[in-house]
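Asker: Any chance you could fold what I've pasted below:
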Amino acid sequence: MFPHKKLDWLIGRLETDLHGKPEDPALRLEYCRALLSKGLFHGGGEQWCAKALRQSQHILKDDTFNAEALVLAGTALVGMNRIEGARSYLDEAMALAPERADLYLALGALYRAESKRHRAITYLEQACRQAPDSWEPHLYLGRTLMEHAAIIGHPSRLLERAQYHLVSALKGGVGLDLQAPLVRDLGRACLLTGRYVEAEKLFLRLREHPRYRHRARQHLGQVAYSLGKYKNAINYLRTYLADNPHDANAQTTVAMSYLQLGEIARAREACNKALLLDPKNVQARYTLGCAVLEEGDPREALRIFRVTIKEHPTFLPAYLEMARTRRAAGDARWLSQALQAEVGDYDKLPPRTDTADPRACTRERVAVLLEELRAVGPSSVGAIVSSIRRTHDEALRFQLFEAAITLAAGLAADDVALKLRDPGRYFSRELGRQAFMTALSLPEPVLTRGLAVGEEDLKREALRRYGPASDVVTHNANVDRARIDARSYQALLLLATARRRSRTGRQLLERWVETADDQMATVARVALAAYGDSEAVEDIRLLAGARGVASRVDRILQDLLPPSERLNPTTADHDQPAHCMACGRAASEVEHLMAGGKAIVCDQCVLRIGRERGRLAARDDSSCHLCGRTAFESRVYSYNGVDICDHCLELSLGLLEREEVDQFLAAW
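Answerer: Now for the predicted structure:
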């Protein structure tokens with residue numbers, strides 16, 4: 001898109017050529033691009049952008065409708081931060097040549113300069129589609145995505161996209177003078193996405209760079225801390241702090257490392273240094289509170305946490321540690337009162353704004369308190385129930401109600417578990433129903449043990465329930481009545497096991513299908529149907545058909561079967577004899593095949609759909625061939641007979657982008 005190799009030599013040659021051919025517009029445009037490249041990408045700055053602007057304006061005097069000159073003039077003005085003037089030129093260029101990649105790059109840079117990052121990303125994505133092999137739009141887009149991610153909390157998908165475009169810029173032949181800042185940005189993205197090993201490799205490359213070596217050591221300290229290499233973190237950060245002694249955040253990470261190593265006195269010392277540098281450093285104050293708590297002074301720790309929360313109300317870790325400390329001290333009353341206060345304040349808080357969401361912070365605090373009250377036990381049910389009436393917000397009321405129900409179920413489950421541990425003594429249909437209702441709160445081994453009802457248990461229960469029999473026939477009849485009750489009880493326990501949906505529970509049910517009598521095997525099949533086991537469902541339908549109750553059983557199965565999960569595209573095995581249903585390419589001809597419910601699409605078609613999605617809208621009655629979403633659930637695109645929704649397209653592009661990044665980082 002712009003010239004970069006031997007740039008100073010190129011500029012000198014073009015200046016010489018222009019002296020001989022001053023009226024050659026093509027030569028002047030080439031010269032303008034070289035000047036702009038120097039200004040935007042190679043440290044020339046505003047001075048060189050101004051030179052480029054003069055050259056483009058010279059062309060526009062003779063050719064007012066020269067779209068390339070308009071784009072270059074607008075780009076130069078963006079580089080000089082003269083936004084309104086740039087907008088005028090770029091609007092004219094858009095009217096003349098709306099398909100130019102450099103135009104979209106300039107518009108993206110313009111909106112980035114205005115901090116309108118959503119619009120900047122849209123234009124820069126279009127520039128990448130128009131010129132996929134040029135590294136300049138990838139560089140701008142990667143950095144803009146990083147900036148946007150920092151503002152909205154570093155969502156992983158946004159950071160992954162940033163990584164992909166930064167890698168694309170590096171692979172595209174970015175100049176040596178731009179490689180170091182790109183490697184730094186890519187390392188930061190890896191650090192934020194938890195790719196600590198790759199981040200370490202990247203920052204090690206910058207460790208001796210004259211401009212970035214200090215930041216490289218700072219980031220290496222953060223990486224080492226994240227990897228649990230706390231001594232390494234301290235060493236890196238000490239080296240960094242020797243040249244940057246006023247960085248409170250680095251000093252705080254040193255304190256956190258000492259805390260993890262159990263060197264509490266040193267942790268406190270580092271925290272105090274950080275707070276001297278920045279008295280409002282929330283992480284330093286929180287770490288100091290944790291250190292004091294480790295020293296065995298919960299009262300002082302609570303005071304520090306209270307001050308931290310007062311100064312930084314949205315800093316959840318301090319609130320969490322304070323609630324845990326109160327619970328560890330047995331102060332359930334404080335937890336109950338705090339819950340009442342948080343819930344009572346919720347409705348009074350303002351709704352969400354563009355920059356803050358006070359209610360979200362309160363919801364997080366409520367979640368912390370509910371978790372600690374769960375740890376206190378069922379005695380907390382009353383406090384939770386009484387807090388429900390303090391708010392009219394339905395979502396919060398449901399959260400509180402659910403927590404109360406869970407605790408109440410735990411209380412009931414304790415009583416049920418006690419009886420299930422001695423099933424021969426307590427088995428009954430009522431106990432089976434209670435076990436079914438509290439299954440999610442019961443340990444699975446308790447349910448398994450509850451199934452063990454033997455013949456001697458039946459005889460003893462028959463005697464207890466019906467008294468001594470006068471003859472053998474009556475005695476056997478009483479035992480059979482107890483057996484029917486026991487089988488009903490066991491059937492309910494099998495269904496209770498299915499509610500937990502565990503792997504070991506499924507294996508237990510499969511054993512019952514193989515070893516139990518016909519009736520109990522049928523119950524086990526019904527339980528397996530709750531897992532979505534197709535073989536068990538088919539067996540049940542065959543039995544229902546033989547007994548003439550097929551329609552009734554089908555209605556029951558509709559309620560019993562788990563909801564069907566959305567299919568997501570996955571990479572197909574290259575060994576499979578598959579081919580792309582959009583272009584016909586075989587697996588051996590492409591890097592990836594994306595397989596879904598009704599279609600297989602190759603990576604090349606996915607990339608093309610992503611680039612051209614604006615003109616590939618499907619009909620309103622279409623549905624995605626990969627996951628089944630309809631046009632009412634997601635935007636659907638149609639390409640060569642294959643329909644793919646926005647969700648699957650982004651997921652497929654994400655798979656491709658992650659692999660591209662993986663391969664690049666592995667090679668480094």
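
Asker: residue ranges with poor pLDDT in the stretch 51-200 of the chain?
Answerer: Across the stretch 51-200 of the chain, nothing is flagged by pLDDT under 70.

Asker: what's the pLDDT at the closest residue to Glu364 other than its chain neighbours?
Answerer: Counting by Cβ to Cβ, 6 or more residues apart in numbering, the nearest residue to Glu364 once its immediate chain neighbours are dropped is Leu316, at 5.4 Å. Every C-beta, even on glycine, is put in place using the N, C-alpha and C of the backbone. As predicted, Leu316 sits at a pLDDT of 93.

Asker: quick one: contacts for Leu420?
Answerer: Neighbour list for Leu420: Tyr426, Leu431, Ala435, Leu442, Val446, Leu447, Arg449, Gly450 [criterion: Cβ atoms under 8 Å, 6 or more residues apart in numbering].

Asker: related to what we said a few turns ago, confirm for me that the residue nearest to Glu364 is in contact with Thr362.
Answerer: No - using Cβ atoms under 8 Å, Leu316 is not in contact with Thr362; the gap is 11.0 Å.

Asker: Settle it for me: which of these two has more neighbours?
Answerer: Thr362 (23 against 15; other Cβ atoms under 10 Å).

Asker: Please report the confidence value the model assigns to the more buried one.
Answerer: Thr362 is given a pLDDT of 91.

Asker: So what's the residue count around Met594?
Answerer: Met594 has 27 nearby residues by other Cβ under 10 Å.

Asker: Beta-bridge partners for it, please?
Answerer: Here Met594 sits in beta bridges with Thr571, Val601, going by DSSP bridges.

Asker: now it: how far from Leu649?
Answerer: Using Cβ to Cβ, to the nearest Å, Met594 is found at 10 Å from Leu649.

Asker: quick one: Asp557 is in a helix?
Answerer: Not quite, residue 557 is Leu, not Asp. Yes - according to DSSP: H, G, I helix; E, B strand; the rest coil, Leu557 belongs to a helix.

Asker: For it, which residues are in contact?
Answerer: For Leu557, the contacting residues are Ala529, Val537, Ile540, Arg541, by Cβ under 8 Å, 6+ apart.

Asker: From Arg238, how far out is it?
Answerer: With distances taken as Cβ to Cβ, Leu557 is found 66 Å from Arg238.

Asker: Check Asp297 too.
Answerer: In terms of Cβ to Cβ, Asp297 sits 28 Å off from Arg238.

Asker: right, and the pair among the contacts of Leu557 with maximum separation?
Answerer: Ala529 and Arg541 (9.7 Å; Cβ to Cβ).

Asker: In terms of neighbours, single out the busier of these two.
Answerer: Neighbour comparison, Ala529 and Arg541: the larger count goes to Ala529, with 24 against 15 (by other Cβ under 10 Å).

Asker: Do you know the pLDDT at that one?
Answerer: Ala529 is assigned 90 on the pLDDT scale.

Asker: Arg511 now?
Answerer: pLDDT recorded at Arg511 is 94.

Asker: for it, what are its contacts?
Answerer: No contacts exist for Arg511 under Cβ under 8 Å, 6+ apart.

Asker: where exactly do the helices run in the stretch 1-150 of the chain?
Answerer: 7-20, 25-41, 46-62, 67-79, 83-96, 101-113, 117-130, 135-151 (DSSP state H, counting those that start in this stretch).

Asker: sorry, that was for the stretch 451-600 of the chain
Answerer: Assigned by DSSP H, counting those that start in this stretch, the stretch 451-600 of the chain shows helices spanning 455-466, 472-500, 503-515, 518-529, 534-546, 550-560.

Asker: The ones you listed into JSON lines, with extra columns for distance to Asn232?
Answerer: Converted to JSON lines, these look like this (distance: least, Cβ to Cβ, whole Å):
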{"stretch": "helix 455-466", "distance to Asn232": "62"}
{"stretch": "helix 472-500", "distance to Asn232": "43"}
{"stretch": "helix 503-515", "distance to Asn232": "39"}
{"stretch": "helix 518-529", "distance to Asn232": "51"}
{"stretch": "helix 534-546", "distance to Asn232": "52"}
{"stretch": "helix 550-560", "distance to Asn232": "55"}
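
Asker: which one of those helices lies closest to Gly344?
Answerer: That would be helix 472-500 among the helices of the stretch 451-600 of the chain, by Cβ to Cβ, at 35.8 Å.

Asker: what's the neighbour count on the closest residue in space to Asp347 that isn't next to it in sequence?
Answerer: Nearest non-adjacent residue to Asp347, counting by Cβ to Cβ, 6+ apart: Thr391, 5.5 Å away. Using other Cβ under 10 Å, Thr391 has 21 other residues around it.

Asker: Run through the helices of the stretch 251-400 of the chain in chain order.
Answerer: Counting by DSSP H, counting those that start in this stretch, the helices of the stretch 251-400 of the chain are 264-277, 282-294, 298-311, 316-328, 332-346, 358-376, 381-388, 394-420.

Asker: Packed most tightly, which of those would that be?
Answerer: helix 282-294 (a mean of 23; mean count of other Cβ atoms under 10 Å).

Asker: Can you list the neighbours in contact with stretch 178-192?
Answerer: 41-42, 139, 142-143, 146, 149, 154, 159, 162-163, 166-167, 169-170, 174, 196, 198-199, 202-203, 205-206, 209, 211-212, 215-216, 219, 222-223, 226, 665.

Asker: which of those residues count as buried?
Answerer: Buried positions within those, assessed by neighbour count (16 or more other Cβ atoms under 10 Å), are 41-42, 139, 142-143, 146, 149, 159, 162-163, 166-167, 169-170, 174, 196, 198-199, 202-203, 205-206, 209, 212, 215-216, 219, 222-223, 665.

Asker: Poorly predicted segments of this structure, please.
Answerer: By pLDDT under 70, the weakly predicted segments of the chain are 352-356, 562-577, 668.

Asker: can you pull the contacts of the residue nearest in space to the middle of it?
Answerer: Residue closest to the mean C-alpha point of the chain, counted by Cα atoms, centre = their mean, is Ser156 at 5.3 Å. Applying Cβ under 8 Å, 6+ apart to Ser156 gives the contacts Thr193.

Asker: Also Thr314?
Answerer: Neighbouring residues of Thr314 by Cβ under 8 Å, 6+ apart: Cys361.

Asker: Quick check: phi and psi at it.
Answerer: phi -90, psi 0 (degrees, to the nearest 10).

Asker: Quickly find the element holding Arg161.
Answerer: Using DSSP states H and E, Arg161 sits within helix 156-171.

Asker: so after that helix, what's the next helix or strand?
Answerer: helix 176-192.

Asker: returning to what we had before: what do Met594 and Leu649 both touch?
Answerer: Val606.

Asker: Next, count neighbours for Tyr240.
Answerer: 23.

Asker: which SS class is it?
Answerer: In three-state terms, and counting by three-state DSSP, Tyr240 is helix.

Asker: Let me see the contact set for it.
Answerer: The neighbours of Tyr240, taking Cβ under 8 Å, 6+ apart as the test, are His214, Arg217, Gln218, Gly221, Asp247, Ala250.

Asker: Pull out the buried residues from those residues.
Answerer: Buried members of these, scored by 16+ other Cβ under 10 Å, are His214, Arg217, Gln218, Gly221, Asp247, Ala250.

Asker: measure the closest residue to Thr438 other than its chain neighbours to Lys229 for me?
Answerer: Of all residues not flanking Thr438 in the chain, Ala413 sits nearest, at 4.1 Å (Cβ to Cβ, 6+ apart). According to Cβ to Cβ, Ala413 stands 43 Å off from Lys229.
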